[in-house]
Every structure is written in C-alpha cells, then in structure tokens.
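Engineer: Give me a 3D structure for the following:
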Amino acid sequence: MLQSEEFYRDLVENSLDLMCTHDLNGVLLTVNLAAARVLGYEPSELVNRNLRELLSPKVRAELDAYLALIREKGAATGFMRLQTKSGETRIWKYTNTLRTDGVQVPFVRSMAHDVTEILQTQKALRESEKRLRVATEIGRMYAWEWNPATDKVLRSAECASILGSHEATRPSLAKDYFSLVHPDDRVRVWSLVNSLTPRDPVYRTVYRRVRPDGALLWLEESGCATFDQAGKMIRLVGMTADITERRRAEDAAHESESRFELVANTAPVLLWMSGPDKLCTYFNQGWLAFTGRPLEAELGNGWAEGVHPEDFEKCLETYTRAFDCRQPFRMEYRLRRYDGEYRWVIDTGVPRMNGQSFAGYIGSAIDVTERKLAEEALASFSGRLIEAQEKERTRIARELHDDINQQLALVTIAVDRLKQSLPRSLAKLRSQVDALGTRTIEISKSIQALSHRLHSSKLEYLGLLVAIKGFCQEFSDKHRVEVKFSHEQVPDSLPREISLCLFRILQTALVNASKHSGVKSYEVRLYGTTGGIHLTVRDQGVGFDLERILSGHGIGLISMRERVRLVNGKISIQSRPNAGTTIDVDVPWSSGRADAQRASA
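Structural biologist: Next up is the predicted model:
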C-alpha cells in the first residue's frame, strides 16, 4: 500500500499537467512540482497565493465567474490564461471538481493541461490558410495543371480576374497561352519548362504576358513536374501570381532612384548617405570629383581619410553624438581636395527614415573656403578698426585730460583771483564770478569723467577688477542709480585685449540700460571659471525685441558681439519685452597660457 502511495505521489509530482487544489476563494492549497516549474516557480512559492495573482489584469474578472460556477455546479471545464514568473502567458485547459465529502472545508481539485503550443500552431495554420484563401480570392494568383500529352491546361476560377473571363470557361492549349507571352520572354519560359527532369522537376520564373484587351501583365510562376518510370513528363502543376502592381511599384521606385541619382550627380554640392551602422553607403559625383577618389575608397569610413588631422576628432565626435541621438547636425571641417589642398566645408546631416525604422543619415557639404577667407579678412579689418578706435579714444582722452582740463583748471584759478580782487561792495558781481567758477569746476569734472570713459587709466595700470569696480561706482554716482557689483576668483592679470573687451561691454551695457530699461537698479557680476572669465550684466526693466534691434541700428549690440568674437569668446543676450535683459559673456583664458607667453617674451 505504501509503495502504491509513493508511486502515485511521484506520478503527480512529475506530471507535466497542472495538478492543484484551491479553496472557494481561489487560494492555492497544493501544486505539483512539474507544473509549478513550467510556470517558473517552486511549489512553495505558489501555495497560499491566490490564482488572481497569476492571471493577467485583463482577465482577472474571469476568475470570479469561474468560482461562481464551481459553487453553483460543483464542477467546471474551460481555458485559463496564467502568467509565468517571467511574464509569459500560458493557456491551460482545465477540468475542476468541488470536493465536499469527508472534508471539513470544501476545496476544488483541479487538473489542467498546457495547450499554448497547440493553440498557437492551430492559429498559425488558420492564418496561413486564410492568407492563401484571401490571396486567391482577390485574384492575385491561380492554380493550373498542364497535360503534355494533350497540351491542355486546366486553371482554377481565380484566373478569370487576371487573364480574362474567357480563360476560365474551358480548357485551353498551352501553345495558345504561350502565343500571348511577351516575345522577349517566350523562348526563355518554354525552354525552362522543357529543361525539367525527374531530378530537377521544379521551376520558378517571372515573365510578361499580354491580355486580350492589350494590358501587359507581369506574372510570377512556379511549377512542379511529374514523370513516369521512363522519365517522360506526364503532368505539370503550378501556381501563377499577378505581380503587375508590385513591378509597377518597383519600376516607380527605380525611376525615383534614377531621378535622385541624376539630381544628386548634377547638384553643385557634395552629397553622401550612411546606413544605420554609421558607415557611408553613397557619395555623389560631386563628392568624388572634389576628392578625386573612387567610390570604393570613400565608402564605409574611407571618406574620413580626407579630413584634416586637426579636425578629425571633433568631426568624428560631432557625427557620432548626433547619430546616437538621431538628431540633425552641422559641422565645419577641412577636407582634402583632389589637388592636395585642404578646403573648408560645412557639412549638414539629417536622419532618414524607411517607414517607421531608422535608415541612417543623408547629408550635404559645401565648400566655404572663400567665405572663410572673407570672414578672416573682415575679422582682421574689424580688429584693426577697433584698435584704431581705441587709439583715437586714448588720444582724445589724453587731450581732454592733459590739455583742455588743465586749461580749465587755469581758468578756475583766474576766476578765483578775479573774485578775490573785486571789492566787497560789488557783492552781486562777486556772486556772479563765484557762480562762473563753480560752473567751470563742474565742466572740468565732466571732461575728466569723459576722459575716463574714453580711456580708463585704472584699467591700464590697476587691472580689470579695479577698473570695473571704479566705473560702477562712478556710473552710480553720476546717474543716481544702484549698481550691485559682485566678483569672485577674478585673475590678477589678464591680457589687455580681454580686459578691454569686458570693460567696453560693461560700459555699453550699463549706458543702454540707463537709457532704455526704465529701472534704477542693475546687477553686474564678474568671476573666473576653470577655462576663462565670465561677465554678467542684468536688469529687470522693460526689455526689448532682440531681433528687431539687431535688424535695425543696434550698433552697440553689434559692437559687443564683434569685440567678443575677436577674443574667441561667446556672448548671450536674452531680452523680452517687460521681462528684463541679461547679457552673459564668456571669454576663454588660462593663466598657464599667459605664463607661457611671458616666458617666451
């Protein structure tokens, strides 16, 4: 008896069928080992768990209906979808009965078989049959049988929508059918049929045939021959599909590709394409003519051999980063021309899609060397113009300070002496002379301030920090406004061109703010960074339309941008009506570079 119990227990535990018990609330009481492992669990992980937890959220309501049926009928059969531990859904066919006799608490005894693969196979067969039925019903293919002895061909009714209704009404002769095959394909197809042997009885081909109404059809045909013991063909059966629309689409695609090739090869730009693996797959004739290299040499990563060594890493980094993010990019680099000269090009690339899938990039490059030379010439001219302007500012400032201001000082002394020489009885005249002296002193101070604005001696002798701090104070006193100046880690010494650039931008920014912002408080911040120095000028005033100003007579803003460009810096101007204005300037600089320059000097 004991051996019999062990036998049945082992049988239950190792059965691939699900054998379990659960209470009337769906809580599992026992589960056999093999079925638990099919679900990805150990039996101990399933015991005391509710069946609801193993059901996908979409079908959990089915459990309530199942438990209600068990309570009412005492038995139930059907299908249940259980999720494995990995999230896969398995379909089980179950037969369950309610056990009440001889037990204190009723429970349900369940046996279930995993039918997932069976159902999937049945579904695949049904879908395959459905596709075949739909394909024939909509007239894209038909079946046929040829008897070589009689030369008669029998076709299924679906051929009527392809070849014409008369083809399906009676058996026809193969020679009549072949008489309408396109002359350029007729001999090839007939030779292919005659070449069939018992060892090679199958053929597949594409050919053209003319319908009685004159329409040209593209047909794809496959056939299989049957031979007798003597090796004589006794039967040929096959399927013929109408691929006319597909060929038209292919021809249209080919024509479109031909047009693209024609346009690409006559375009006055260098065009390229790459696949989803970052490797280039196409270059137009313009690119090949420019580099003087064959297409095979440029494909893949071959094109990179022509990039200037100094530009290669930056070019590759830009391309790779944009490619990984599938974002458009624009980069500037030097590319070797057929004569060995490196030319500057601007290369623009955009992602291309094949339906919903990423297919790579398409891009174009244009030679901008002449423009670069013009920009460099313009930059050189702008630099010389600004330098000449600064020299003239310095000259005028010194004339004002050393000549005119000194003359005004002498006039002030003379006026004071005149006042002292007048008798006290001429009180009114003494008062007028005194007012004249005061006015002369004010004019002298204004000229002195103008001299400092034109050329700051503090900037020249004491450095940028002292000069900016002094200017903010002078500006605050003169215009009766508040200038909040803060600074942090400002280098002790900066190149003259950087100091002058930042000082002039501060002057222009504060003057513009006092004229147009409508507020009396401004913020100025100067601080050193790991790679340079940063200046911020901010107000909370009325702001302005930046594009309108730049498209008009915004000389001050244009001048600021030009100054920053000459020191390889960046300027950001953010302003909106009624939202204030912020000007940020970043200029690259390192103390190590300055030390090296001093050492070389």
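Engineer: which stretch of helix or strand covers residue 246?
Structural biologist: Per DSSP states H and E: residue 246 is located in helix 244-266.
Engineer: Residue 192 is in contact with residue 181, correct?
Structural biologist: No. Contact criterion Cβ atoms under 8 Å: residue 181 and residue 192 do not qualify, at 11.7 Å. For the C-beta atoms, the positions are set from N, CA and C on the backbone; glycine is no exception.
Engineer: neighbour-wise, which of the two wins?
Structural biologist: Each of residue 181 and residue 192 has its neighbours counted (other Cβ atoms under 10 Å); residue 181 has more, 19 against 15.
Engineer: Next up, phi/psi of that one, please.
Structural biologist: Dihedral pair for residue 181: phi -70, psi 140, per degrees, to the nearest 10.
Engineer: so who does it touch?
Structural biologist: 189, 207, 208, 209, 210 (Cβ atoms under 8 Å, 6 or more residues apart in numbering).
Engineer: Just the ones in helices from these, please.
Structural biologist: residue 189 (DSSP state H).
Engineer: Now a PyMOL select for only the buried ones of the contacts of residue 181.
Structural biologist: Remark: buried members of these, expressed as a PyMOL selection using 16 or more other Cβ atoms under 10 Å:
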select buried, resi 189+207+208+209
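Engineer: so after the strand or helix carrying residue 161, what's the next helix or strand?
Structural biologist: Using DSSP H and E, residue 161 maps to helix 160-163. Later in the chain than helix 160-163, the nearest helix or strand by DSSP H and E is strand 172-173.
Engineer: Skip ahead from that next one and say which helix or strand is next.
Structural biologist: Next in sequence after strand 172-173, counting helices and strands by DSSP H and E, comes helix 174-179.
Engineer: so residue 342 makes contact with residue 335?
Structural biologist: Yes. Using Cβ under 8 Å, residue 342 is in contact with residue 335, at 6.8 Å.
Engineer: Is it correct that residue 285 is in contact with residue 265?
Structural biologist: Yes. Using Cβ under 8 Å, residue 285 is in contact with residue 265, at 4.1 Å.
Engineer: so how far is stretch 196-203 from its chain's centroid?
Structural biologist: 53 Å (Cα atoms, centre = their mean, to the nearest Å).
Engineer: I'd like to know which elements the helix holding residue 161 is packed against.
Structural biologist: Contacts defined by 3 or more Cβ pairs under 8 Å, 6 or more residues apart in numbering; DSSP states H and E place helix 160-163 against strand 216-227.
Engineer: if we can go back for a sec, counting neighbours, go ahead and name the busier of residue 342 and residue 335.
Structural biologist: Using other Cβ under 10 Å, the more surrounded residue of residue 342 and residue 335 is residue 335, with 24 against 17.
Engineer: ok, residues contacting stretch 45-62?
Structural biologist: Contacts of stretch 45-62 (Cβ under 8 Å, 6+ apart): 20, 22, 25-31, 36, 39, 63, 80-83, 89.
Engineer: What remains of the residues you listed if I keep only buried residues?
Structural biologist: So, by 16+ other Cβ under 10 Å, the buried ones in those are 20, 22, 26, 27, 28, 31, 36, 39, 63, 80, 82, 83.
Engineer: Those in helices, which ones?
Structural biologist: Those of the buried ones among the contacts of stretch 45-62 lying in helices (DSSP H): 36, 63.
Engineer: where are the low-confidence patches of the stretch 301-450 of the chain?
Structural biologist: Along the stretch 301-450 of the chain, the model assigns pLDDT under 70 to residues 375-388, 390, 394, 397, 401-402.
Engineer: So which residues of it form helices?
Structural biologist: 309-325, 369-398, 405-421, 427-454 (DSSP state H, counting those that start in this stretch).
Engineer: re earlier: just give me the closest of the buried ones among the contacts of stretch 45-62 to residue 142.
Structural biologist: residue 80 (44.3 Å; Cβ to Cβ).
Engineer: Take the helices of the stretch 301-450 of the chain and lay them out in a markdown table including distance to residue 507 and mean neighbour count.
Structural biologist: Below are the helices of the stretch 301-450 of the chain laid out as a markdown table (distance: least, Cβ to Cβ, whole Å; neighbours: other Cβ atoms under 10 Å):
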| stretch | distance to residue 507 | mean neighbour count |
| --- | --- | --- |
| helix 309-325 | 35 | 14 |
| helix 369-398 | 11 | 13 |
| helix 405-421 | 20 | 14 |
| helix 427-454 | 7 | 15 |
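Engineer: got these as JSON lines, with distance to residue 498 columns?
Structural biologist: What follows is the helices of the stretch 301-450 of the chain, written out as JSON lines (distance: least, Cβ to Cβ, whole Å):
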{"stretch": "helix 309-325", "distance to residue 498": "24"}
{"stretch": "helix 369-398", "distance to residue 498": "13"}
{"stretch": "helix 405-421", "distance to residue 498": "30"}
{"stretch": "helix 427-454", "distance to residue 498": "19"}
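Engineer: Spit out the residues that contact residue 342 and residue 335 alike.
Structural biologist: With Cβ under 8 Å, 6+ apart as the test, residue 342 and residue 335 both reach residue 308.
Engineer: What residue spans form the domains of the chain?
Structural biologist: The record assigns the chain these domain ranges, following automatic domain parsing: 2-114, 132-248, 268-367, 385-455, 463-601.
Engineer: okay, how far is it across the third one, tip to tip?
Structural biologist: Put plainly, it is domain 268-367. 10 Å (Cα to Cα, to the nearest Å).
Engineer: quick check, distance from that domain to the centre of its chain.
Structural biologist: The answer for domain 268-367 is 17 Å, by Cα atoms, centre = their mean.
Engineer: Could you do the longest one as well?
Structural biologist: On the basis of Cα atoms, centre = their mean, the separation between the geometric centre of domain 463-601 and that of its chain is 35 Å.
Engineer: Same question for stretch 204-223.
Structural biologist: That offset, for stretch 204-223, works out to 45 Å (Cα atoms, centre = their mean).
Engineer: Send me it as PDB with only the CA atoms.
Structural biologist: Output in PDB follows, covering the C-alpha atoms of stretch 204-223 (Å, rounded to 0.1, in the frame of the first residue of the first chain):
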ATOM      1  CA  ARG A 204      10.200  29.400 -60.800                       C
ATOM      2  CA  THR A 205      10.300  32.300 -63.200                       C
ATOM      3  CA  VAL A 206       8.900  35.800 -63.900                       C
ATOM      4  CA  TYR A 207       7.600  36.800 -67.400                       C
ATOM      5  CA  ARG A 208       5.300  39.200 -69.200                       C
ATOM      6  CA  ARG A 209       2.000  38.300 -70.900                       C
ATOM      7  CA  VAL A 210      -0.400  40.300 -72.900                       C
ATOM      8  CA  ARG A 211      -4.200  40.100 -72.000                       C
ATOM      9  CA  PRO A 212      -6.600  40.000 -74.900                       C
ATOM     10  CA  ASP A 213      -7.600  43.600 -74.100                       C
ATOM     11  CA  GLY A 214      -4.000  44.700 -74.600                       C
ATOM     12  CA  ALA A 215      -3.000  45.100 -71.000                       C
ATOM     13  CA  LEU A 216       0.600  44.000 -70.100                       C
ATOM     14  CA  LEU A 217       0.800  41.700 -67.100                       C
ATOM     15  CA  TRP A 218       3.800  40.700 -65.000                       C
ATOM     16  CA  LEU A 219       3.400  37.100 -63.800                       C
ATOM     17  CA  GLU A 220       5.400  35.100 -61.300                       C
ATOM     18  CA  GLU A 221       5.000  31.400 -61.800                       C
ATOM     19  CA  SER A 222       6.200  28.200 -60.200                       C
ATOM     20  CA  GLY A 223       5.600  24.700 -61.300                       C
END
